[in-house]
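Novice: structure, please.
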Amino acid sequence: MNKTLAKILLVFMILGLTSCSYSPIFSEKNYNFEINEIVLTGEKDINKILREKFNRIRNNQNLKKKEYKLLINSEKERNIVSKNSKGDPLKFELIIAVQYEIIFNENLLLKKTIEKNNIYNNDSDLFKLEQSEKIIIENISGNISDNIISSIINLDDN
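Specialist: Predicted coordinates for the structure are as follows:
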């Protein structure tokens with residue numbers, strides 16, 4: 001009885017998810033603005049992710065859109081949070097800070113700093129540890145770029 005109930009529930013969940021019109025908020029390219037210039041300084045891995053995200057908006061060809069300039073400075077810091085009895089690190093904290101300025105017609109509209117962090121376990125395999133850090137950097141940087149886009153959308157609404 002439980003297996004048939006689980007199968008029926010699974011079928012309804014699949015039908016419910018496929019029939020809805022879910023789409024990520026920032027995937028649509030119908031913004032009322034365009035980013036015409038991006039100046040990135042700081043951490044190159046973070047800047048690469050941010051540039052890719054903003055280039056999706058930057059390549060719009062509608063002349064009626066407001067054109068913004070972004071100045072972004074990114075920093076990354078890795079700290080040891082805890083150690084074992086031998087003094088080897090057990091947990092790390094990765095802190096990413098991004099300072100950004102939004103400029104419209106040579107006027108500074110917004111200057112803000114976003115700081116995000118993530119605590120993760122050490123791994124004896126250095127390759128796995130490096131891959132984990134890359135994933136964390138990608139996730140945090142993507143989240144920060146979404147926050148910056150939201151800031152521009154909020155400015156554009158006002």
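
Novice: helices of the chain, start to end?
Specialist: Along the chain, counting by DSSP state H, helices occupy 2-19, 44-58, 126-157.

Novice: which secondary structure elements does the longest one contact?
Specialist: Right, the one you point to is helix 126-157. Applying 3 or more C-beta pairs under 8 Å, 6 or more residues apart in numbering; DSSP states H and E, we find helix 126-157 packed against strand 33-42, helix 44-58, strand 66-83, strand 89-104, strand 107-121. The C-beta positions use only the backbone N, C-alpha and C, and glycine is treated the same way.

Novice: just the buried positions in that helix, please.
Specialist: Residues of helix 126-157 classed as buried: 132-133, 136-137, 140-141, 144-145, 148-149, 151-152 (neighbour count, 16 or more other C-beta atoms under 10 Å).

Novice: just to revisit the earlier point, could you dump the helices of the chain to a markdown table with mean pLDDT and distance to residue 33?
Specialist: Below are the helices of the chain laid out as a markdown table (pLDDT from 0 to 100; distance: least, C-beta to C-beta, whole Å):
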| stretch | mean pLDDT | distance to residue 33 |
| --- | --- | --- |
| helix 2-19 | 73 | 32 |
| helix 44-58 | 86 | 7 |
| helix 126-157 | 91 | 5 |
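
Novice: centroid-nearest residue for the chain?
Specialist: The residue lying closest to the centre of the chain (C-alpha atoms, centre = their mean) is residue 142, at 1.4 Å.

Novice: about what we covered before: could the helices and strands packed on helix 126-157 go into a markdown table alongside distance to residue 11?
Specialist: Shown next, in a markdown table, are the helices and strands packed on helix 126-157 (distance: least, C-beta to C-beta, whole Å):
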| stretch | distance to residue 11 |
| --- | --- |
| strand 33-42 | 43 |
| helix 44-58 | 36 |
| strand 66-83 | 45 |
| strand 89-104 | 41 |
| strand 107-121 | 37 |
